[in-house]
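Peer 1: here is my input; please provide its structure:
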Amino acid sequence: MPMESKGLALEGGERVSTTASLQRQGYRTLFGPGLVGGATKRALDIVIAATGLVMLAPLFVLTALAVLLSSPGPLLYGHRRIGANGRVFRCWKFRSMVENSGEILERHLAENPEARAEWRRSRKLKNDVRVTPVGHILRDYSLDELPQLFNVLRGEMSIVGPRPVQFDELEMYGTDVAFYLRARPGITGLWQVSGRNDVSYDQRVSMDKAYVSQWSLLGDFVIILKTVPAALTAKGAY
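Peer 2: Model prediction:
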């Protein structure tokens, strides 16, 4: 990528402008130090993801059937997210929303000022009208995120890391955006085991910064061990 280009590359060669904070920090913010954990973390990701895909195959099948039988639409949903070094990738999930979710969200936010304010604060809605009944169950127990094991194998995500964000969320990181961009987004992470949506966005940013700046292999194992009980209790999920 040429030095003068300070945008983020999208699929098909398209580019989008960086936020003001990224522009102030310059090109090296996006393509600076090596990724957190290096080859050791990447090897662990491959082993866990490959093992998980084999062991969880029956759960994949049951979840897929539940999604397909519950509402019309595709099985999987791939949303564009910003990954390590500003790379844009499709983050895969089992579909948990109705097929025309974009139109429904736009109309809902236009008609509900409180929901619109909630969306601006956190990019989340506690009572999301787009989510199907089966989708609520998948989200409560993080089953919708199982396909992200394929993202891990592809090197787009890690087992542990910051929660993957959309482009417009980068502004919310302010000067700490460089920490987010130094790590592959994770299927689980400090946010996921610390209350999820009960945590404010500012706290989430602080957690991502702490994770990257203090990374250790032991820390990843601790987060992985905490993930199962966090998912089973569904605390902070919506």
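Peer 1: pull the contacting residues for I224.
Peer 2: 48, 159-160, 188 (CB atoms under 8 Å, 6 or more residues apart in numbering). Placement of C-beta: from N, CA and C, glycine included.
Peer 1: give me that answer again for 10 Å
Peer 2: 44, 48, 159-160, 186-188, 193 (CB atoms under 10 Å, 6 or more residues apart in numbering).
Peer 1: then I159?
Peer 2: Taking CB under 10 Å, 6+ apart as the test, what I159 contacts is 41, 44-49, 52, 148-149, 152, 184, 186-189, 220, 223-224, 227.
Peer 1: from those residues, list just the buried residues.
Peer 2: By neighbour count, with 16 or more other CB atoms under 10 Å, the contacts of I159 hold 41, 44-45, 48-49, 52, 148-149, 152, 184, 186-189, 220, 223-224, 227 as buried.
Peer 1: any idea how far S142 is from the residue sitting nearest the centre point of the chain?
Peer 2: Of all residues in the chain, the one closest to the mean position by CA atoms, centre = their mean is P164, 2.7 Å from it. According to CB to CB, to the nearest Å, P164 and S142 sit 14 Å apart.
Peer 1: which neighbours do the two share?
Peer 2: Between them, P164 and S142 share the contacting residues 148, 187, judged by CB under 10 Å, 6+ apart.
Peer 1: need the three-state assignment for the nearest residue to Q166 once chain neighbours are set aside.
Peer 2: Counting by CB to CB, 6 or more residues apart in numbering, R81 is the residue found nearest to Q166 once chain neighbours are left out, at 6.3 Å. Using DSSP: H, G, I helix; E, B strand; the rest coil, the three-state assignment for R81 comes out as strand.
Peer 1: next one: R81 relative to Q148, how far apart?
Peer 2: Shown here: R81 relative to Q148, a distance of 10 Å by CB to CB.
Peer 1: quick one: stretch 166-184 to chain centroid distance?
Peer 2: What separates the centre of stretch 166-184 from the centre of its chain is 12 Å, taken as CA atoms, centre = their mean, to the nearest Å.
Peer 1: before we move on, the earlier item: name the residues contacting each of R81 and Q148.
Peer 2: By the contact definition CB under 10 Å, 6+ apart, R81 and Q148 are jointly contacted by 91, 156-157, 164, 185.
Peer 1: want to throw the residues you listed into CSV with distance to L109 and secondary structure?
Peer 2: Converted to CSV, the shared contacts of R81 and Q148 look like this (distance: CB to CB, whole Å; DSSP: H, G, I helix; E, B strand; the rest coil):
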residue, distance to L109, secondary structure
C91, 22, strand
E156, 29, coil
M157, 28, coil
P164, 22, coil
P185, 25, coil
